[in-house]
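Peer 1: Got a sequence here, can you build the structure:
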Amino acid sequence: MIIPTEPIGSIPRTAELLSASPADFARAAHQALRDTIRRFEQTGSPVITDGEQTKPSFATYPLDGLSNLAPDGVVIPFADGHTRRLPRLTAGPFRYAVHASTYLAAAKRLTELPIKQAVISASALSLLYPSDGIPGYPRETFLSDLVKEAATDIRECLELGAHSVQIDFTEARLSLKLDPSGALLEGFVALNNQVLDSLTPDQRHSVGVHTCPGGDRDSTHSADVDYAALLPLLFRLRAGHFYVQLASERNPERVLRIIRQLLRPDQRVFVGVTDPIAREVETPEMVRDRVLRAAHHLPVSQLGSTDDCGFAPFADDVSTSRDIAFAKIRARVEGTAMAADELTRSTRTYRGGSSL
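Peer 2: Prediction:
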């Protein structure tokens, strides 16, 4: 029995990359990417990412180089008091300046392992459009352009050979804090489903959605929002995989019971088994027990493991070291394999065979 395990995306950037001058950035970026992939390979990870070493952030990579933006966009507050701010679109049309396939192509040149590519959701980028509108560029036109760009971002990665594509939907839980009625989240889900509906059924099967309460500088933006309000709408998304933060959740058993009621036969849930913003490095045994707990509630054939969120979703986040990040990843890989072995032995014993 094999239980798949995948990372979410980001790894803390190397110190050299963070301090590189513009003239030296390309060399530092290549070295950071090479080192990230090498260390991923050393963990035994069956699926890896590029660690998002050269993304300015998980959310804003498509905007890198655009000139029709102002810095005074939507503010995202975190529990510890720090904030992040999105830019504001000032003119149309909206187009991506960078597509995620460029990161995938660079990583594929350095490894034979399957590579997962994370992309930002259309719903997150919809927040770029100002509430008072843009003269000559109505919101409906912007959203149409956005859906096309987001679908292209996913499609190009799959056509280039990505093992899977993960839509980062961290604003989902936050939306319920901003609008407890759920209307904002419903709009987000509908918009992301427009993107998913632009893909073929086979492509949608290889696309997953990641949800978490945010994770930046050892803080979150929406951990106090009840999962029970989020999950029924989240599972309306027409995606094949769901990556759900769970290791840091206060009542994971309750969340798993809710997921069991919502999960469709054609979907797989990757449960979070490591907490990227916790200083403690999980042991493989801790990971094993978390996977086994999930297997008690969910069909093993529809189960996978992951990290709760990326380790450094914004380029300047140095709250977690690279060593700790890869130690947690190694524990996830080893602990998931231990859980799979135990479930295999249990199945053989149940069927009346000998236990190995």
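Peer 1: Report the separation between Ala20 and Gly310.
Peer 2: Separation of Ala20 from Gly310 (C-beta to C-beta, to the nearest Å): 21 Å. (C-beta placed from N, C-alpha, C; glycine too.)
Peer 1: I meant His210, not that one.
Peer 2: With distances taken as C-beta to C-beta, His210 is found 9 Å from Gly310.
Peer 1: what is in contact with these two at once?
Peer 2: Jointly contacting His210 and Gly310 under the rule C-beta atoms under 8 Å, 6 or more residues apart in numbering are Ile8, Ala118.
Peer 1: Now for Val209, which secondary structure element holds it?
Peer 2: Per DSSP states H and E, Val209 falls inside strand 207-211.
Peer 1: what's Ala209 in contact with, if anything?
Peer 2: Residue 209: Val, not Ala. For Val209, the contacting residues are Ser121, Gln166, Ile167, Phe169, Asn192, Leu234, Leu237, Ala239, His241, Phe242, Tyr243, by C-beta under 8 Å, 6+ apart.
Peer 1: what angle separates the longest strand seen in the chain from strand 207-211?
Peer 2: The strand that spans the most residues within the chain, counting by DSSP state E, is strand 268-274. Per axes from the mean of the first three to the mean of the last three C-alpha atoms, to 10 degrees, the angle that strand 268-274 makes with strand 207-211 is 40 degrees.
Peer 1: Restricting to C-alpha, output strand 268-274 in CSV.
Peer 2: These are the backbone C-alpha positions of strand 268-274, laid out as CSV (Å, rounded to 0.1, in the frame of the first residue of the first chain):
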residue,chain,number,x,y,z
ARG,A,268,-8.3,12.8,-2.9
VAL,A,269,-7.5,14.7,0.3
PHE,A,270,-3.9,15.4,1.3
VAL,A,271,-4.0,16.1,5.1
GLY,A,272,-1.5,18.4,6.7
VAL,A,273,0.8,16.4,9.0
THR,A,274,3.6,18.9,9.6
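Peer 1: Quick one: low-confidence residue ranges for this protein.
Peer 2: Across the chain, residues meeting the criterion (pLDDT under 70) sit at 349-356.
Peer 1: let's see it at 50
Peer 2: 354-356 (pLDDT under 50).
Peer 1: tell me, which helix in it spans the most residues?
Peer 2: Counting residues, the longest helix in the chain under DSSP state H turns out to be helix 322-350.
Peer 1: and that one, what does it pack onto?
Peer 2: Secondary structure elements in contact with helix 322-350, counted by 3 or more C-beta pairs under 8 Å, 6 or more residues apart in numbering; DSSP states H and E, are helix 25-42, strand 268-274, helix 284-297, strand 303-307.
Peer 1: Tell me which of the ones you listed sits nearest to Gln53.
Peer 2: Nearest to Gln53 among the helices and strands packed on helix 322-350 is helix 25-42 (4.4 Å), distances taken as C-beta to C-beta.
Peer 1: Which residues does that closest one contact?
Peer 2: With contacts defined as C-beta under 8 Å, 6+ apart, helix 25-42 is touched by 7, 11, 13-14, 16-17, 20, 48-51, 53-54, 106-107, 110-111, 113, 322, 326, 329-330.
Peer 1: and the angle from it to helix 322-350?
Peer 2: Interaxial angle of helix 25-42 relative to helix 322-350 (the same axes, to 10 degrees): 30 degrees.
Peer 1: What's the first helix or strand after helix 25-42?
Peer 2: Using DSSP H and E, the helix or strand that follows helix 25-42 in sequence is strand 69-70.
Peer 1: Neighbouring strands of that next one in the sheet, and parallel or not?
Peer 2: Applying DSSP bridges, strand 69-70 is found paired with strand 88-89 (antiparallel).
Peer 1: chain center to the helix or strand following the partner strand, what's the gap?
Peer 2: Later in the chain than strand 88-89, the nearest helix or strand by DSSP H and E is helix 101-108. Its chain's average C-alpha position is 17 Å from that of helix 101-108, according to C-alpha atoms, centre = their mean, to the nearest Å.
Peer 1: Identify the residues contacting helix 101-108?
Peer 2: Residues from elsewhere that reach helix 101-108, judged by C-beta under 8 Å, 6+ apart: 33, 37, 48-50, 52, 54-55, 61, 115, 117, 153, 156-157, 160-162.
Peer 1: Repeat that for stretch 287-297.
Peer 2: Contacts of stretch 287-297 from elsewhere in the structure, counted by C-beta under 8 Å, 6+ apart, are 3, 246-247, 252-253, 256-257, 259-260, 269, 271, 273-274, 303, 305, 331-332, 334-336, 338-340, 342-343.
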